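Trainee: Need the 3D shape of this:
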Amino acid sequence: MTIAPPGPPLPSSGQTDHLARVHEAEKLVDEVSETREQLRDDARRTLGVTGDDSKPPPLREALKNEDVTVYPLFVLGLLSVVDTLQGYAFSTLTPEISRTLGIGFGTILLLGVVKGLAAAFAPLPMAAAVQRHPRRALLCLITAAAWAVATLYTGFATATLGLAIVLIIDGLSSGSVSALHQPLLIDSYPPQARVRVFSYYGALGAAGNVIAPLLVALLAFLGFSWRGVFVVFGIICLSVLPATLKLRDPGFGKYDTQKLRAAVHELHGDDSLAEDDVSLGFFEIVRRLLLIPTIKRLLVAFAVFGLLAAPYSTLLAFYLDEELGFGPAQRGLFFAFTSACAIVSLALYGKRGEALFRKNPGRVLEVAGIQLAIGGILIVVAIAQPYTAVTIALFAFTSALLAILGPALGITLLSIVPAQMRPHAAALYGIFGAGVGGLAGALLLGGVQSRYGLTGGLISLLIPGVGGALLLRSCGKYVQPDLDRMIGEVLEDEEIKRITNGGGRLAMLSSRGIDFSYGQLQVLFDVDFTVDDGEMVALLGTNGAGKSTLLKVISGIGLPTKGSVRFRGQDITYLDAERRTRLGITQIPGGRAVFGPLTVIENLRSYGYSLGKDRRNLDGLIDDCFEAFPRLAERRNSLAATLSGGEQQMLGLSKALVMKPRLLVIDELSLGLAPIIVEQLLVMVRRINATGTAIVLVEQSVNIALSLVEHAYFMEKGEMRFDGAAGELLARDDLLRAVFLEGASKKDDA
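Mentor: Here you go, the predicted model:
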């Protein structure tokens, strides 16, 4: 069989210069990758990961070197302490509250779930509120005042509904802790001190867990009812607010992201920064976070851990009351003792956790998994053995182990995401932990308790304990790659800004190192693809080579698992498709380019939504479409679904005439069409390109593609096999045979 596809005319000198400019732009992007590799090790150290067994500097020295005080830690820790007052009082006094209001265990558990749900979903609006403006300190103070009032009014609840309302208010305000406190802490202190800061913050929170039950015990001994306890606690919460008024937000990434960006300019001797970024919206950030392997697995682990943590304190309070006969004062002393053990554990863990993180951040999660499994086992042993003193000791040891999970999970979760995304990551942690896991735990364990009693309910906590431990251990291997990915994204973004601000010219579209998967099936492998302003590019390959998938990544319909997409120098990798349309990227999908239930004129008008202020010119643009395609004018009132295949492609191409994109992506223009119709469409493609619109033409037909373009790419099995002048592709018989022989074999099979 002779293969002799007609070749395009030889490139003119102008076309040759154009290709030279494209390759020059690609070289600049290659320089970005080189810079990223040069800075990667320094960037890891900037984030506190040295990879060795070196000891971290003493905390006082680490803070002194950065001129940082303990005030932010003290204030946020103090707020964490008073935040525990309402929760611990409620957990400790649930038997008395239940008897006074005449509500059973199931209702009490349900009220706890309602509060947990409020606390779980409150971080989302908190994250949205601080997404573009660092005002986390102000929101911390406002929400602290709200939960102080809620604590005070808990003592005045006279019915289930009133109690539910104050619990919801407390949950909504307390939800700020997960979304704001830890992200604010991580930005307030240098990386070499963060694990210890998180541990001491957890210890201050645990101190609240000591103070609250001790106060409950003291007030009960003095004759206060449960209502009096909440009134006293509310007054305490209000009294600490003046001490927190000097808290300030240092900004996003002061000690990490900003330093990584500065390193790029220091390397090249340039300190200018571009401010006009394509920033992600709220839900785009959430979607981006859910693509990070460590976070995906951590959120599942949080949900499983929530099965254990959310109902644990309530079950334990009722167990102490009904099985061990502990009154309010004794329960208060019990919870104070177990919380004191947690403080000791956190104080000891700070330095050890810092060393683990410096050597291997993933190891922090692996150790946390082991501790969670041991904690679940100890709960069962504590219930099974008959000695009260041993039971108390085992519960105390369990509390010490579980307390360490807070700083371990928090520092890992927040270290692998850019600074602006940390409130969103913390909010997701709260949703999956208290929301998904807490609700499921209350429902499941409530059923277990009603059938098997409090002992059976506590023993069943072993299942989520072991399950969460296994999930945490499986997350460890993903932490270092995800940390490096975050470093690479920050460095690449800043290097691109440096180049463009310095007068360097990048290609209009640059897709680098793209991986893409449908579930577990990976279909794109390290794909690079570049298109310059006004260029017409052919993307060739056999069926299943990954061409349409690459177009989805460019258009924003699909998000890559690895790599970046830049448009006019801006990172658009995770922007929604509709936002890319406003930037000037339009796709005409093969065989799906029209809205079938709409008429031709309605289809054309639907494209006008993207014109903004220019929408008043829509009628003139529609007339241009009818002038270009007289057949569409004849069928202007026909449903698009009744048009022939050629007419539908004409209508699809009219989208470009109306929207005037910077980049037009056409998928399978000639598929199933007669040659005379194809020629009409090609005339229009040339006309669109002549207006300055860059075009990516995906074609099965090598003849058609190479007759139009000067720059061609060839894909095979998800990889880019060829990138160069269209004329050079004719010399690659191995690639052309793949196209022609596949087409011939299909005809033979038919």
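
Trainee: For residue 50, which non-adjacent residue is closest in space?
Mentor: residue 358 (4.9 Å; Cβ to Cβ, 6 or more residues apart in numbering). Every residue, glycine included, has its C-beta placed from N, CA and C.

Trainee: The one you found reaches residue 57, doesn't it?
Mentor: No. Contact criterion Cβ atoms under 8 Å: residue 358 and residue 57 do not qualify, at 10.8 Å.

Trainee: okay, those two: which has more neighbours?
Mentor: residue 358 (22 against 15; other Cβ atoms under 10 Å).

Trainee: Longest helix in this protein, by number of residues?
Mentor: Counting residues, the longest helix in the chain under DSSP state H turns out to be helix 462-501.

Trainee: Following element in sequence after that helix, please.
Mentor: strand 509-518 (DSSP states H and E).

Trainee: what inclination does that next one have with respect to helix 462-501?
Mentor: Using axes from the mean of the first three to the mean of the last three Cα atoms, to 10 degrees, the inter-axis angle of strand 509-518 relative to helix 462-501 is 160 degrees.

Trainee: quick one: contacts of strand 509-518?
Mentor: 25-26, 29, 33, 522-531, 546, 549-550, 552-554, 558, 560-567, 663, 694 (Cβ atoms under 8 Å, 6 or more residues apart in numbering).

Trainee: Give me the sheet partners of that strand and which way each runs.
Mentor: Paired neighbours of strand 509-518 in the sheet (DSSP bridges): strand 521-531 (antiparallel), strand 562-567 (antiparallel).

Trainee: who touches the longest one?
Mentor: Residues lying outside strand 521-531 but in contact with it, judged by Cβ under 8 Å, 6+ apart, are 22, 25-26, 29, 507-517, 537, 539, 546, 549-550, 553-554, 560-563, 663, 694, 696, 713, 715, 718-720, 723.

Trainee: Could you give me the buried positions within that strand?
Mentor: Across strand 521-531, burial judged by 16 or more other Cβ atoms under 10 Å covers 523, 524, 527, 528, 529, 530, 531.

Trainee: Could you report the neighbour count for residue 305?
Mentor: Neighbour count for residue 305, taken as other Cβ under 10 Å: 28.

Trainee: circling back to that earlier point, do you know which of the strands paired with strand 509-518 lies nearest residue 657?
Mentor: Set against residue 657 and scored by Cβ to Cβ, those come closest in strand 521-531, at 20.0 Å.

Trainee: what sits up against the next helix-or-strand element following the closest one?
Mentor: Per DSSP H and E, the first helix or strand lying C-terminal to strand 521-531 is strand 536-541. For strand 536-541, the external contacting residues (Cβ under 8 Å, 6+ apart) are 529, 531, 547, 550-551, 685, 689, 694-699, 702, 705-706, 708-716, 726, 729, 735, 738-739.

Trainee: can I get the CA coordinates of strand 536-541 in PDB?
Mentor: What follows is strand 536-541, C-alpha atoms only, in PDB (Å, rounded to 0.1, in the frame of the first residue of the first chain):
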ATOM      1  CA  MET A 536      -2.900  27.700  13.500                       C
ATOM      2  CA  VAL A 537      -1.900  24.400  14.900                       C
ATOM      3  CA  ALA A 538      -2.900  20.800  13.900                       C
ATOM      4  CA  LEU A 539      -3.200  18.200  16.700                       C
ATOM      5  CA  LEU A 540      -3.100  14.800  15.000                       C
ATOM      6  CA  GLY A 541      -3.200  11.200  16.100                       C
END
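
Trainee: how far does it sit from the chain's center?
Mentor: Distance, stretch centre to chain centre, for strand 536-541: 33 Å (Cα atoms, centre = their mean, to the nearest Å).

Trainee: Quick check: neighbours of that strand in the sheet, parallel or antiparallel?
Mentor: strand 694-699 (parallel), strand 711-716 (parallel).

Trainee: Got phi/psi on residue 418?
Mentor: When read as degrees, to the nearest 10, the backbone of residue 418 gives phi -60, psi 160.

Trainee: thinking it is in contact with residue 258, fair?
Mentor: No. At 10.8 Å, residue 418 and residue 258 do not qualify as touching, with contact defined as Cβ under 8 Å.

Trainee: When these two are compared, which one has more neighbours?
Mentor: Taking other Cβ under 10 Å, residue 418 and residue 258 do not tie; residue 418 has more neighbours (20 against 17).

Trainee: and for residue 358 and residue 57, which residues touch both?
Mentor: residue 192.

Trainee: quick one, domains of this structure?
Mentor: Domains of the chain are assigned by automatic domain parsing as 69-252+281-490, 516-595+658-749.

Trainee: how about low-confidence regions in the stretch 251-400 of the chain?
Mentor: 260-278, 310-311 (pLDDT under 70).

Trainee: What separation is there between the most centrally placed residue in the chain and residue 296?
Mentor: Residue closest to the mean C-alpha point of the chain, counted by Cα atoms, centre = their mean, is residue 289 at 1.3 Å. From residue 289 across to residue 296, the span is 9 Å (Cβ to Cβ, to the nearest Å).

Trainee: What of residue 97?
Mentor: Going from residue 97 to residue 296 by Cβ to Cβ gives 39 Å.

Trainee: neighbour count winner among these two?
Mentor: Using other Cβ under 10 Å, the more surrounded residue of residue 97 and residue 296 is residue 97, with 20 against 14.

Trainee: highest average neighbour count across the domains of the chain?
Mentor: domain 69-252+281-490 (a mean of 21; mean count of other Cβ atoms under 10 Å).

Trainee: Only C-alpha atoms, please: export the strand or helix carrying residue 396 in CSV.
Mentor: Assigned by DSSP H and E, residue 396 falls within helix 388-403. What follows is helix 388-403 as a C-alpha-only set of coordinates in CSV (Å, rounded to 0.1, in the frame of the first residue of the first chain):
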residue,chain,number,x,y,z
THR,A,388,-12.0,1.5,88.2
ALA,A,389,-8.5,2.9,88.8
VAL,A,390,-7.2,1.1,85.8
THR,A,391,-10.1,2.2,83.7
ILE,A,392,-9.4,5.9,84.6
ALA,A,393,-5.7,5.4,83.8
LEU,A,394,-6.4,3.8,80.4
PHE,A,395,-8.8,6.5,79.4
ALA,A,396,-6.2,9.1,80.5
PHE,A,397,-3.6,7.4,78.3
THR,A,398,-6.0,7.3,75.4
SER,A,399,-6.7,11.0,75.8
ALA,A,400,-2.9,11.7,75.7
LEU,A,401,-2.6,9.7,72.4
LEU,A,402,-5.5,11.2,70.7
ALA,A,403,-4.5,14.8,71.6
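
Trainee: residues in contact with it?
Mentor: Applying Cβ under 8 Å, 6+ apart, the contact partners of helix 388-403 are 202, 206, 309, 316, 324, 334, 337-339, 341-346, 371-372, 374-375, 378-379, 381-383, 385.

Trainee: Turn the strands paired with strand 536-541 into CSV, including distance to residue 53 and mean pLDDT.
Mentor: Output for the strands paired with strand 536-541, formatted as CSV (distance: least, Cβ to Cβ, whole Å; pLDDT from 0 to 100):
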stretch, distance to residue 53, mean pLDDT
strand 694-699, 51, 86
strand 711-716, 46, 87
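
Trainee: Now render those as TSV, adding distance to residue 135.
Mentor: Below are the strands paired with strand 536-541 laid out as TSV (distance: least, Cβ to Cβ, whole Å):
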stretch	distance to residue 135
strand 694-699	41
strand 711-716	46
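
Trainee: which residues in the stretch 51-200 of the chain form strands?
Mentor: Taking DSSP state E, counting those that start in this stretch as the criterion, the stretch 51-200 of the chain carries no strands.

Trainee: just the helices in it please.
Mentor: 59-65, 71-101, 105-121, 123-129, 136-154, 160-174, 176, 182-188, 194-221 (DSSP state H, counting those that start in this stretch).

Trainee: Also the stretch 201-350 of the chain?
Mentor: For the stretch 201-350 of the chain, the helices defined by DSSP H, counting those that start in this stretch cover 226-239, 257-268, 282-289, 293-322, 328-359.

Trainee: Among these, which comes closest to residue 407?
Mentor: Once these are compared by Cβ to Cβ, helix 328-359 is nearest, at 6.4 Å.
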